[in-house]
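Enquirer: Would you be able to build a 3D model of this:
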Amino acid sequence: MTAEPTAARTADPAAPVPTFRPAGARDVAAVVALVESAYRGEASRAGWTTEADLLDGQRTDEAAVAELLGRAESVVLLAEQDGRLLACCHVERRGATGYFGMFSVSPTAQGGGLGRRVLARAEEWARDAWGVTAMEMTVIEQRADLIAWYERRGYARTGVYEPFPYGDERFGIPLRPDLRFEKLLKSL
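Expert: Residues are numbered from 1 along each chain as shown. I've put the predicted structure just below:
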């Protein structure tokens with residue numbers, strides 16, 4: 001797994017800010033391609049968010065993304081620049097809490113601050129659209145580098161775990177027997 005970008009690779013304040021918009025049905029295939037490129041296969045190793053050492057197979061599919069788009073109080077946010085999809089995430093209201101997931105940044109766009117911008121926009125969306133007071137997510141426990149990245153952005157480990165869905169290849173093919181998710185939480 002590639003290490004997280006160092007402090008020297010921070011956002012360039014002069015870099016153009018991406019535009020954000022909610023995804024629609026016509027975006028489903030592009031979202032799936034982005035998510036797969038960020039997490040699975042050799043192409044994902046160009047970035048630091050790859051799960052290629054933990055999981056094989058797919059990360060998501062068109063049916064799963066379309067289902068997210070059809071849920072009430074759910075949005076898939078896209079970050080684009082010059083007509084190119086660079087990042088996405090799923091945000092959903094779950095009572096007084098927002099849920100953040102399916103966070104993907106193109107491997108070639110990682111390390112320059114785009115991820116921080118997407119996360120901040122998702123938190124803003126959840127606060128403004130639904131009035132939630134906290135954001136939660138689940139992260140594979142073995143992703144220590146990713147969990148540390150979220151901790152630096154105000155998320156706390158809760159010690160609450162969920163099992164990995166072994167045997168359900170819609171979520172990937174595990175390459176080790178000890179995967180599980182940890183819930184992270186941040187007050188907004």
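
Enquirer: Against which helices or strands is the helix or strand bottoming out on mean pLDDT in the chain packed?
Expert: The helix or strand of the chain with the poorest confidence is strand 55-56; it has a mean of 93 (mean pLDDT, DSSP states H and E). Applying 3 or more C-beta pairs under 8 Å, 6 or more residues apart in numbering; DSSP states H and E, one finds that strand 55-56 contacts strand 173-174. Quick note: C-beta positions are derived from backbone N, CA and C, even for glycine.

Enquirer: The strand it packs on pairs with which strands, parallel or anti?
Expert: With DSSP bridges as the test, strand 173-174 is paired with strand 55-56 (antiparallel).

Enquirer: who touches the partner strand?
Expert: Contacts to strand 55-56, defined as C-beta atoms under 8 Å, 6 or more residues apart in numbering, come from residues 39-40, 171-175, 179.

Enquirer: can you give me the helices for this protein?
Expert: 28-39, 62-70, 114-130, 144-151 (DSSP state H).

Enquirer: nearest to residue 19, of those?
Expert: Checking the helices of the chain against residue 19 by C-beta to C-beta gives helix 114-130 as the closest, at 10.4 Å.

Enquirer: Let me see the contact set for residue 29.
Expert: So residue 29 contacts residue 62 (C-beta under 8 Å, 6+ apart).

Enquirer: Could you point out which residue ranges in the protein have low pLDDT?
Expert: Where the chain drops to pLDDT under 70, the residues are 1-16.

Enquirer: how close does residue 179 get to residue 103?
Expert: Residue 179 sits 18 Å away from residue 103, going by C-beta to C-beta, to the nearest Å.

Enquirer: Of these two, which one has the most company?
Expert: Remark: of residue 179 and residue 103, residue 103 carries more neighbours, 23 against 20, as counted by other C-beta atoms under 10 Å.

Enquirer: can you count the residues close to the closest residue to residue 163 other than its chain neighbours?
Expert: Residue nearest to residue 163 in three dimensions, not counting chain neighbours: residue 180, with 5.6 Å by C-beta to C-beta, 6 or more residues apart in numbering. Neighbours of residue 180 under the rule other C-beta under 10 Å: 13.

Enquirer: That's all I had, so thanks and see you.
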